[in-house]
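**Q** sequence and predicted structure below; questions after.
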Amino acid sequence: MNGSKPSEKTIKLLHSIAFAAAMLAFVLCLLISVNYFQVKSSDPLNAPVMKSLVEKFRNNPDDEQLKAEIRQLDLLARKAFFTNQWQIRTGGYLLLFSVLIVVICIKSVELLTAKMPVVPGESPVNFWDSRKINRKWVAYSGITLVLVSLVFAFLTHNELGSTLQRSTNKDAMAGSAQPETGNNLAKSDSASVSDSLAPGSQDSSALTQSMDGFPTQQEINANSPAFRGPGSNGVVFQRGFPSSWNGSSGKNIKWKTAIPLPGYNSPVVWNDKIFLSGANATKREVYCFDKTSGKILWKTTIEKIPGSPATAPKVNGETGFAAPSLTTDGRRVYAIFANGDLVALDFEGKKVWAKNLGLPKNHYGHSSSLVMYRDLLIVQYDQSGNTSVMAFAAKTGDQVWKTSRDVKISWSSPIIVNTGKQTEAMLVAEPYVISYNPATGKELWRFNCISGEVGPSLAYADGVVFSVNDYAKLAAVKIGPTPELLWESDEYLSDIPSPVATAKYLFLPTSYGMMVCYDAKNGTKYWEKDFGTPTYASPMVVDGNIYQMDKKGVMHIFKADKTYASVGDSPLGEGSVCTPAFVGGNIIIRGDKNLYCIGK
Amino acid sequence: MKKSLALAILIFLFTIQFLNSYGIQRFPKPEFESGYVQPETLLPNPRAEVLAFMDIGVLIISLSVVSWLVIKKRSRNGVFWMSLFALAYFGFYREGCICAIGSIQNVTLALFDKSYAIPLSALVFFAAPLAYTAFFGRTFCAGVCPFGAIQDLVSFRPQKLGTRLNAVLGVIPYIYLGLAILYAATGTDFVICRYDPFVGIWRFNASFGMFIFGGLLLAVGIFIARPYCRFLCPYGVLLNWTSRFSRKHITITPAECIQCRLCENSCPYDAIDIPTNTRNPESKQTMGRKLIFITFLIPMLMLAGGWTGSQLHEPLAGVNAKVKLAKQILNPVTDKNQAETFEIEAFKSQGKQQAQVFAEASEVLHQFYIGGWILGGFIGLVFGGLIAGRIITRYQADYVPNKGNCFSCSRCVDYCPIKLPLETK
């Protein structure tokens, strides 16, 4: 600072360098901005030329010249994109460098031309006046802030809070179509059952409009789209079903129609259409019955499926060739058979797509039923030495995901449940209950609690899943990322029928005809009832009652409560091993030979 | 000996760079996959955890050195060189992360979200500058903060701002602080990091808007010294409050002020309090009445502010991801040619319940409603406090740095003709 006076030449030179560097910085700024907008606006893969070439290639997939042209263009577009990026980066470095030169030059000039401080003139503003002005302007800015905030709040306020509240309530109500009164199923119990069993999201109309590829939850709950109802969990979300009928006298029997081919699959219903399948060693058929009249609207023979084995698999007599129940999404109906044939038919019976999943290595015969999650068809394919769960696009049959399972062969079916936090697909096979994300197939959690040749499917309610198998144990597992065993029992076990649960109770049938009621949360046994007849069909929770069909075709109806109270026993007039479907006040029952519609 | 030391330091610096390779993503981000635009990252590349301790060490050493240079050596040159070091290390080398300003959000989130474990470095970067400020004034701003350093570099022609502008712009940092805390407490966003104006310069990577914002601030900084520090920095609010009670603070003169007035215009930040040589023209009774009035006014201002804040809770919550998703679900894309948003696609693939999204969004809205009351109340208190502070006046005879606003840059020291033998030129 106190050195010899710098020459004017030096100062001038520094000024010139600073000016030149500043100009360079300015030009660089402009260039970088232009380049940035170029990069931003260019979308190499969606360029019109590229799009038209790709479209042409789609029509001529064997055109090698076109392929080479697309590759060349793609390469050029990418090169241009990355070159632009490089230019921006290099420009940035140059800009920084030029600004640095400006700073150094100006600081040097400041240092070289430092002047002695001078005493300033009298301040035009008095100290006290300045305080007063300061106070005033703080107040002004405060008032302005409040006014601007209020105007902004007024302009942007759109009752979002109450809209969300209304939508939440609406969705909650949509998810609990289960009636609450007039039965022994307590209100809270009913609500939690409904909530916990919803197989998909409780879509409000808003979302439904944007997702027309699959049914809404309301539609699902108003139908019986899968084995054991919506989500395959054994709970019916409707009310007003008959509790008394007689197949011999015809009381409350609307119609009865013979089923052409045998099968142990349970009926699935969508609006006025009932779907079943039947098969023997040589023939496989899907049937559609009219719910009003009982007439067979159409039957489709499933044949000529690519990859379908020429010879029929060996199956057990109690499983047969058509044990898995069908499923439907209201757009198509899907069926699977013991030989691995998987087919989607439209509601007129026309084949939409079909494929063979490979002959399952299954010594009793494949029996896992199908279930839908949104627009995905979920298939549990647990066979000897190769177990997996798959999802196929409902529209096209394309495999969306496949997850291998390190479990043994099983005959159980998946359930789809809404746990309140998410929707999960839960499967059971020795040794685990495993939960998957049904959208991706990603495993969410697993719990080791079961063994043997698992036949019964799971039951779920209020955060607890129940698994059971003969010669193993009954386990109540609190679900979550780290599932825990709530209680277990080995007193009564089932090898075929599946249990059902409400938030308070678990109802466990055994294949030798017992029905046992447990406290769902702590395993206290409330009652047991011996119906005296073996049972293969699974019980259903309907309007506060349990409907349990025995092998002789007698439906035992009793209160879903901690004390046993019979509502009635209704004979079908023929044996049945299938789980009935409950839709629109009618009960659809598959007998050994006939299909029945019960209703007033 | 010196050469060996320099060589050893060089080898050490090169060696620690290899530690970074353990933390950096092995594969580059995918390009062109789905049209998805990668969001601008708020954090630099990951690095070895042990290097966080080095950052803490560098911070503590820098704070100690700068405090010594300011309080003991009274050296503007020393402070300037330290600020260049801070710019190089905390700015360009550390790419502006972690920084004390942003650490406010880490601390807030740690207080409100039990599942969030605050990194030690974030805690130290929050607490250490405040602790040093409590003892030595805002020495952190003087020579350790890279934000201050880069603005100081371009402050070529600083102009004095008028009383009015200073009064109006001076309230912005308080509002920014309140908003940053609200957004961090609700787990919505780290707005200080998102709108860090210089991060693009540190990293050569930011949105175009942020580059423009940073460039504009530097351009403004040529004429208005340290505009971010004075009129935006939320951490500056905390430092300002702490510094008012600092045990030691830089003084313009090392001895008695001789009222030469040479320093009067030396501060580019308008942070020198001039002597109150004249008597207050207002009577004691008037002052008393004003004080009583403001005492009653402050709770009213807080209430009015709180109510106003609560009315703003919906737009404030609008940037929250949960609220955004709920709004998109409520207002779905009706045009079939228009693709659904990525948020909606992700929501569908999760299999999450719509009711759950709405419930979560409602919860967030409620948090913002409560937060709006608190934020508004705080801003009301700030306005009341600022007005009260301009009524209560302590008489002073000398030119002194304003302990709250002074950045301890030591510029004014050079203007004082009184020197101690120890002072470095």
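**A** The structure has been received and is ready for your questions.

**Q** after the lowest-mean-pLDDT helix or strand in chain B, which helix or strand is next?
**A** Ranked by mean pLDDT, DSSP states H and E, the weakest helix or strand in chain B is helix B:2-23, scoring a mean of 68. Following helix B:2-23 in sequence order, the next helix or strand is helix B:50-68 (DSSP states H and E).

**Q** please see if the helix or strand just after that next one touches chain A.
**A** Going down the chain from helix B:50-68, the next helix or strand is helix B:76-86, by DSSP H and E. No: using CB under 8 Å from any CB of the partner chain, helix B:76-86 stays clear of chain A, with a minimum separation of 9.3 Å. For the C-beta atoms, the positions are set from N, CA and C on the backbone; glycine is no exception.

**Q** let's see helix B:76-86 as PDB, backbone CA atoms only.
**A** Extracted in PDB, the C-alpha atoms of helix B:76-86 (Å, rounded to 0.1, in the frame of the first residue of the first chain):
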ATOM      1  CA  ARG B  76      -7.800  -7.600   7.400                       C
ATOM      2  CA  ASN B  77      -5.300  -9.200   5.100                       C
ATOM      3  CA  GLY B  78      -5.300 -12.400   7.300                       C
ATOM      4  CA  VAL B  79      -9.100 -12.500   7.200                       C
ATOM      5  CA  PHE B  80      -9.100 -12.000   3.500                       C
ATOM      6  CA  TRP B  81      -6.700 -14.900   2.900                       C
ATOM      7  CA  MET B  82      -8.600 -17.100   5.300                       C
ATOM      8  CA  SER B  83     -11.800 -16.400   3.400                       C
ATOM      9  CA  LEU B  84     -10.100 -17.400   0.200                       C
ATOM     10  CA  PHE B  85      -9.100 -20.700   1.800                       C
ATOM     11  CA  ALA B  86     -12.700 -21.200   3.000                       C
END
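
**Q** taking helix B:50-68 as reference, get the angle to it.
**A** With axes from the mean of the first three to the mean of the last three CA atoms, to 10 degrees defining the directions, helix B:76-86 sits at 170 degrees from helix B:50-68.

**Q** check which residues of helix B:76-86 are buried.
**A** Within helix B:76-86, the residues scored as buried using 16 or more other CB atoms under 10 Å in any protein chain shown are B:76, B:78-80, B:82-86.

**Q** could you find the closest non-adjacent residue to the closest residue to chain A within the stretch 51-200 of chain B?
**A** Relative to chain A, the nearest point of the stretch 51-200 of chain B is residue B:167 (3.8 Å; CB to the nearest CB). Using CB to CB, 6 or more residues apart in numbering or on different chains and skipping the chain neighbours, the partner closest in space to residue B:167 is residue A:137 (3.8 Å).

**Q** what pLDDT is listed against that neighbour?
**A** Residue A:137 is assigned a pLDDT of 92 by the prediction.

**Q** does it really touch residue B:164, like I thought?
**A** Yes: Residue A:137 lies in contact with residue B:164 (CB atoms under 8 Å); the separation is 4.7 Å.

**Q** have a look at these two and say which one is more surrounded.
**A** Neighbours per residue (other CB atoms under 10 Å in any protein chain shown) separate residue A:137 from residue B:164, with residue A:137 holding more: 22 against 16.

**Q** checking that one next. Helix, strand or coil?
**A** helix (DSSP: H, G, I helix; E, B strand; the rest coil).

**Q** check contacts around it.
**A** B:163-164, B:167-168 (CB atoms under 8 Å, 6 or more residues apart in numbering or on different chains).

**Q** out of those, which is most surrounded?
**A** residue B:167 (23 neighbours).

**Q** surely that residue and residue A:134 touch.
**A** Yes: assessed by CB under 8 Å, residue B:167 is found in contact with residue A:134 at 4.6 Å.

**Q** how close does the residue of the stretch 51-200 of chain B closest to chain A get to residue A:374?
**A** From residue B:167 across to residue A:374, the span is 59 Å (CB to CB, to the nearest Å).

**Q** residue ranges for the helices of chain A, please.
**A** Counting by DSSP state H, residue ranges of the helices within chain A are A:8-41, A:48-59, A:64-112, A:127-156, A:160-175, A:187-197, A:205-210, A:217-221.

**Q** output the contacting helices and strands for the first one.
**A** In this case it means helix A:8-41. helix A:64-112, helix B:208-221 (3 or more CB pairs under 8 Å, 6 or more residues apart in numbering or on different chains; DSSP states H and E).

**Q** most tightly packed of these?
**A** Most buried of those, by mean neighbour count (mean count of other CB atoms under 10 Å in any protein chain shown): helix B:208-221, with a mean of 17.

**Q** how about residues contacting that one?
**A** With contacts defined as CB under 8 Å, 6+ apart, helix B:208-221 is touched by A:29, A:33, A:36, A:40, B:40, B:150-151, B:154-155, B:195-201, B:206, B:227-228.

**Q** relative to helix A:8-41, how tilted is it?
**A** Using the same axes, to 10 degrees: helix B:208-221 against helix A:8-41 is 160 degrees.

**Q** how far does helix B:208-221 sit from the chain's center?
**A** Mean C-alpha position of helix B:208-221 versus that of the full chain (CA atoms, centre = their mean, to the nearest Å) differs by 16 Å.

**Q** mind saving the C-alpha coords of that helix as CSV?
**A** Provided in CSV are the C-alpha atoms of helix B:208-221 (Å, rounded to 0.1, in the frame of the first residue of the first chain):
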residue,chain,number,x,y,z
PHE,B,208,-30.5,-23.0,-15.0
GLY,B,209,-32.6,-21.0,-12.7
MET,B,210,-30.2,-21.5,-9.8
PHE,B,211,-27.3,-20.4,-12.0
ILE,B,212,-29.2,-17.3,-12.9
PHE,B,213,-30.1,-16.6,-9.2
GLY,B,214,-26.4,-17.1,-8.2
GLY,B,215,-25.1,-14.9,-11.0
LEU,B,216,-27.6,-12.2,-10.2
LEU,B,217,-26.7,-12.2,-6.6
LEU,B,218,-23.0,-11.8,-7.5
ALA,B,219,-23.9,-9.1,-10.0
VAL,B,220,-25.9,-7.2,-7.3
GLY,B,221,-23.0,-7.9,-4.9
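
**Q** immediately after it, which helix or strand?
**A** helix B:227-231.

**Q** do the helix or strand following that next one and chain A meet?
**A** Per DSSP H and E, the first helix or strand lying C-terminal to helix B:227-231 is helix B:234-243. No: no part of helix B:234-243 sits near chain A under the criterion CB under 8 Å from any CB; the closest distance found is 15.1 Å.

**Q** quick one: buried residues of helix B:234-243?
**A** B:234-240, B:242-243.
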